[in-house]
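In: test case, fold it:
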Amino acid sequence: MLRNEKAIVRAFYETFGWSTDAAGTYNDTAAFVDLRPVLSSYYHDTQVRVGRFLKHCGQYFFDAGSGPLSQPEYLPYSADYAYRVCMDLSVRALGEARRKLGTHGLYVVGDLANLPFREGTFDAVLASHVLYHLPEDEQAGAIHELYRTLKSGGTCVVIYIWPGSLITRMIERSTRALLSLTDVLSRRSRAASDAAPGDRSSDLSLGPVPPLYFHPHDYEWIRHALPAHWKADVRVWRSVDIVVTRTLIPDNILGTVLLRIIYWLEEAFPRALGRLGRYPIIVIQKG
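Out: The predicted structure follows:
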């Protein structure tokens, strides 16, 4: 019997998240990712970044909470492994993963907090955007489970999200101040003019998005959840989230330049932006 939080997550992805539109875009992606073309190169580069920390070949690559392998950059991570073991609560996700991997994959319906695998099974472990969807009190135990099933000499990579980041907070505060000023100027303009309002356009809408449980912990929690004798490092995956990109990044050459600067800063200061940015990579090596 699943806990209520996990049942909510499974229902979200079974009924909504892994459904696609006519173009083949998953609803989960459309709901939580800035899909403007200007972001495509930055997104590609940050997905490729993950592969640097994973062992490049072996027998079993474990994709914990694999989903449907929604990004093409996910597939090469296990290209030189005998098998990619995909585990997820969603049967729909695993069906999609099987369509992409075929016999290269092994598919398991399972719970990240209670892994059905022996100690030291996997040469590499990836848990991408899944840990924070577990109940808050099960996340530390899940990290230990991932470590338990990792072979000596292997690497576990967890892509996580902080509950907030300095960068996002600064942008949100600046945006609120700007909106406040804009509202004042707008009211003055309407009072001074009887001109008819111009055409308005809005983004395409998915309609109501079902509830999805998540509970991200902060950096201090991660630091205390990882035993001192583990070889662990926190680095940046993406320092900016959809709030920042939609606020600051125009869909033009200026936006491209800004994103290249952001990526360069992430490469130059991976640990600082791993703490101050939005999405960290937690890299755990098992000796």
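
In: pretty sure Ser66 contacts Glu96?
Out: No - in this structure Ser66 lies outside contact range of Glu96 using C-beta atoms under 8 Å: 9.4 Å. No exception for glycine: its C-beta is placed from N, CA and C like everyone else's.

In: leaving out chain neighbours, which residue sits closest to the residue nearest to the spatial centre of the chain?
Out: Residue closest to the average C-alpha location in the chain (C-alpha atoms, centre = their mean): His129, at 4.1 Å. Once flanking residues are discounted, His129 sits nearest to Ile159: 5.6 Å by C-beta to C-beta, 6 or more residues apart in numbering.

In: looking at Ser66 and Glu96, which is more packed in?
Out: Between Ser66 and Glu96, Ser66 has the larger neighbour count (other C-beta atoms under 10 Å), namely 27 against 21.

In: which residue packs closest to that one, ignoring adjacent ones?
Out: Spatial nearest neighbour of Ser66, excluding adjacent residues (C-beta to C-beta, 6+ apart): Cys86 at 3.8 Å.

In: buried residues of the helix or strand harbouring Gln59, list them for me.
Out: Secondary structure from DSSP states H and E places Gln59 in strand 58-64. Neighbour-count burial for strand 58-64 flags Gly58, Tyr60, Phe61, Phe62, Asp63, Ala64 (criterion: 16 or more other C-beta atoms under 10 Å).

In: off-centre distance for the very next helix or strand once past it?
Out: Under the assignment DSSP H and E, the closest C-terminal helix or strand after strand 58-64 is strand 81-88. Centroid separation between strand 81-88 and its chain, computed with C-alpha atoms, centre = their mean, to the nearest Å, is 19 Å.

In: quick one: average pLDDT of strand 81-88?
Out: Across strand 81-88, the average pLDDT comes to 98.

In: what's next to it, contact-wise?
Out: Under the criterion C-beta atoms under 8 Å, 6 or more residues apart in numbering, residues 13, 57-67, 69, 77-78, 94, 97-98, 101, 104-110, 112, 115, 122-124 lie in contact with strand 81-88.

In: ok, now with 7 Å
Out: The contact list for strand 81-88 (C-beta atoms under 7 Å, 6 or more residues apart in numbering) reads 57-67, 78, 94, 97, 101, 104-110.

In: go on, stretch 109-128?
Out: 6, 54-55, 58-65, 77, 87-89, 91, 94, 130, 134, 138, 141-142, 145-146, 148-152, 154-159.

In: can I assume Ile281 is in contact with Arg238?
Out: No - using C-beta atoms under 7 Å, Ile281 is not in contact with Arg238, being 9.4 Å away.

In: where in the stretch 151-287 of the chain is pLDDT low?
Out: 165-206 (pLDDT under 70).

In: wait, Ala232 sits on Ala225?
Out: No - counting by C-beta under 7 Å, no contact exists between Ala232 and Ala225, whose distance comes to 9.8 Å.

In: which of those two has more residues huddled nearby?
Out: Neighbours were counted for Ala232 and for Ala225 using other C-beta under 10 Å; Ala232 has more, 19 against 16.

In: and the more buried one, which of the three is it?
Out: Assigned by DSSP: H, G, I helix; E, B strand; the rest coil, the conformation of Ala232 is strand.

In: contacting residues around it?
Out: Ala232 neighbours (C-beta under 7 Å, 6+ apart): Leu226, Ile282, Val283, Ile284.
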